[in-house]
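A.B. asks: let me see the structure of the following:
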Amino acid sequence: MDHFPTNWGRPRNDAFDAYGTYPIHQRPQNTPKDKFSDGVQRTQQPIVTGTSVLAIKYKDGIMMSADNLASYGSLARFKDIQRLHPVGNNTVIGASGDMSDFQYIQTLLNEIIIDEFTSQDGHSLGPAEIHEYLSQVLYARRSNMNPLWNSLLVGGVRDGKSFLAYVDLLGTTYSASTIATGYGAYIAQPLLRDAVEGREDTLTEEQAADILENCMRVLYYRDARSLDKYQIAKVTEAGVIISESKHLKSSWSFAEGIRGYGAQIQ
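C.D. replies: Numbers count the residues shown, from 1 in each chain. Predicted coordinates for the structure are as follows:
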C-alpha cells in the first residue's frame, strides 16, 4: 500500500465538473464576516467520507448496520472506521458522509451525556431527545457544513417503545420502520421495506440480522464506495451492543458470464 498522501491523487471536488474542463458556478457568500469569523472554518468540501447506513425495527428493538470504509475521494483509504456510535444507554447513531463532521457531532453528544449524568436529577436522554437535539444543531449549522454529504440515523428503545429516525444537515427529519442513507436509499431501501414493513412485531433478532446482511451484500456488489467489512448495532431495553467487524460472503464468478458490454459482445 502506498502510504504517501501526495501520491493518493486528488479527491472529488464539487467545484469542478466531472471532466475538470470548467468550474461550476458557486453561490456567493453574502453573510457578514469579521476577523474572528475569518479564522473559524468548517468542512465545505468533504474529503474522507462514509457511505450507506441501514436500520430497521424488529420485535425487540432497533438494528443498524454500516460498513467500516472511509473513502479518501475515490480511494478506499481507511478500512477500519466505526460509523456506529452509542449515545447513553439506549441510543445509537449511524453516520453517512464526512467523517470529520461526524467526529464533531460525537464530541457534542459526549458533552451533553456527561452534563446529563453529572446533574444527578434522575432523568436521562432517550433516542427521541437525542434526535431532536441533533435536528436543531444541524439545522442551525447548515450553512457551515456540506448538506449533500451528511445524514444521521438515530435509533433506540425507551419505555418499551422503539424509535428510529433520520436527520440531515438541511434539518430534514422523518421516522420510519426502515431507513437507509447514502446509496442504500436507492438500492437497499426497497429490499428493507419488502422484508420488514408489516412484520416489525414478529421479526426475530436472527431474521433482522439476515435482512441487513443481505442488503449489505447487495450494496457491496453495487456501490463502489462500500466494503465487505461491516458492523451491526443492536439496541434493546438491555442497552446497546455493537458487534465486532463482520465479513460478507461474496462471489464474483457470475461476472464471467456477462456479455453485451465493452469488447464482450458475444
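
A.B. asks: can you tell me the helix or strand for L134?
C.D. replies: Counting by DSSP states H and E, the element that carries L134 is helix 127-140.

A.B. asks: tell me the mean pLDDT over that helix?
C.D. replies: The pLDDT scores in helix 127-140 average 89.

A.B. asks: just checking, what packs against that helix?
C.D. replies: Using 3 or more C-beta pairs under 8 Å, 6 or more residues apart in numbering; DSSP states H and E, the elements in contact with helix 127-140 are strand 91-98, helix 99-119, strand 151-158, strand 161-168. The C-beta positions use only the backbone N, C-alpha and C, and glycine is treated the same way.

A.B. asks: and these: which comes nearest M216?
C.D. replies: strand 91-98 (12.6 Å; C-beta to C-beta).

A.B. asks: so what are the sheet partners of the closest one and their directions?
C.D. replies: Applying DSSP bridges, strand 91-98 is found paired with strand 48-50 (antiparallel), strand 84-87 (antiparallel), strand 151-158 (antiparallel).

A.B. asks: quick one: that strand to helix 99-119, angle?
C.D. replies: 160 degrees (axes from the mean of the first three to the mean of the last three C-alpha atoms, to 10 degrees).

A.B. asks: could you check the angle strand 91-98 makes with helix 127-140?
C.D. replies: Using the same axes, to 10 degrees, strand 91-98 lies at 30 degrees relative to helix 127-140.

A.B. asks: report the angle between the axes of strand 91-98 and strand 161-168?
C.D. replies: If you take the same axes, to 10 degrees, strand 91-98 sits at 20 degrees to strand 161-168.

A.B. asks: go through strand 91-98 and flag the buried ones.
C.D. replies: Buried residues in strand 91-98, counted by 16 or more other C-beta atoms under 10 Å: 91-98.

A.B. asks: that's all I had, so thanks and see you.
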